[in-house]
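Asks: the sequence and its predicted three-dimensional model are supplied below.
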Amino acid sequence: MQQIKFQKFLRQLWVEITRCFVLIWNDKLTLASLVLQAPVMVVVFKLVGDPSCFTSNLINIGSRTILFILCAVSAFMGILNAYREICKERDIIFREASVGVSLVATVLSKMVVLFVIELVQAAILTVGFCAVIVVPQNNLLFSTNVEIYITVLLMLFASSAMGMLVSASLKSSESAILFVLVLIIGQVVFSGCMFSLKGAQTIISYIIICRWGMGALGASTDLNSRLAWLKAGLDDSMYDATIPNLLHSWQMLGLIALVCIIAACLVLQTSFNRRKT
């Protein structure tokens, strides 16, 4: 019996994944925005970044700034990719659920589709970033460029999971905008890059994508050795070029994504149950 239910779930998941791809392909405006986001951000790197920011002591502070821009861009893109995905189809999703379509399959299908899209977006961002900026090669686990790609992909996926949770919680795209703005501001304020975090600020920072993205990128590029000469209190220990630092940041990004996906499924199921009563 359980095997039959699981097979039914897999069929529904496949149908939903196929449907999501078709919808995106047919919606040329959405398709264009997904395609153009990453190239436009690469242009931003070109405009604001100095190619030698990691190698010249005269502008070494720029290395931290350009990494933060990469983190912020990845987090913003992921949230914007996902925040409308459920609320724009809420009535359709609930009608399908009333005839037996799994809400978990619906959420997972959207996350699978976003992950595939973000594989490409992360590649464009990473290739563009490494083409514009001369990145030091420390090669902790893999080549530094590959580590940057993995970090960017995890940031995109974790932030899209966060956006999916917002989408599952609200009834319309318009009402989601305020929450999206709060999330975007939070990525900047609580990243630990603007100022030192203390007390409750530190607790909030544990759910901030940019914080863990900066930790991973800082470890991959050995950021602390680039900043040591400044003696400006910017050398957080999470930026030390160690494998544990890199893996911990990746694990936290994965955990944030997992928690947000589970929460999105639970919130959507709760809303559906209330609607039935």
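Replies: That came through, no problem.

Asks: from here on, contacts and neighbour counts on C-alpha atoms
Replies: Noted.

Asks: low-confidence ranges, the stretch 51-200 of the chain, go.
Replies: 56-61, 194-196 (pLDDT under 70).

Asks: let's see 90
Replies: Applying pLDDT under 90 to the stretch 51-200 of the chain flags the ranges 51-68, 80, 82-85, 87-102, 132-140, 169-200.

Asks: distance of residue 271 from residue 88?
Replies: Note on residue 271: its distance to residue 88, by C-alpha to C-alpha, to the nearest Å, is 15 Å.

Asks: please read the previous query as pertaining to residue 258.
Replies: 23 Å.

Asks: which phi and psi does residue 25 have?
Replies: As for residue 25, its main-chain torsions (degrees, to the nearest 10) stand at phi -60, psi -40.

Asks: show me what the longest helix along the chain packs onto, helices and strands only.
Replies: Scanning the chain for the helix with the most residues, using DSSP state H, yields helix 243-276. With contacts taken as 3 or more C-alpha pairs under 8 Å, 6 or more residues apart in numbering; DSSP states H and E, helix 243-276 sits against helix 103-132, helix 144-169, helix 209-220.

Asks: quick check: which element contains residue 67?
Replies: helix 61-82 (DSSP states H and E).

Asks: for that helix, what is the distance to the chain centroid?
Replies: Offset of helix 61-82 from its chain centre (C-alpha atoms, centre = their mean, to the nearest Å): 9 Å.

Asks: pull the CA atoms of the next helix-or-strand element following it into PDB?
Replies: As assigned by DSSP H and E, the chain's next helix or strand after helix 61-82 is helix 90-98. Output of helix 90-98 as PDB, limited to C-alpha atoms (Å, rounded to 0.1, in the frame of the first residue of the first chain):
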ATOM      1  CA  ARG A  90      -3.100  29.500  -5.000                       C
ATOM      2  CA  ASP A  91      -6.600  28.800  -6.100                       C
ATOM      3  CA  ILE A  92      -5.500  26.400  -8.800                       C
ATOM      4  CA  ILE A  93      -3.200  24.500  -6.400                       C
ATOM      5  CA  PHE A  94      -6.000  24.100  -3.800                       C
ATOM      6  CA  ARG A  95      -8.500  22.900  -6.500                       C
ATOM      7  CA  GLU A  96      -6.000  20.300  -7.600                       C
ATOM      8  CA  ALA A  97      -5.300  19.300  -3.900                       C
ATOM      9  CA  SER A  98      -9.100  18.800  -3.400                       C
END
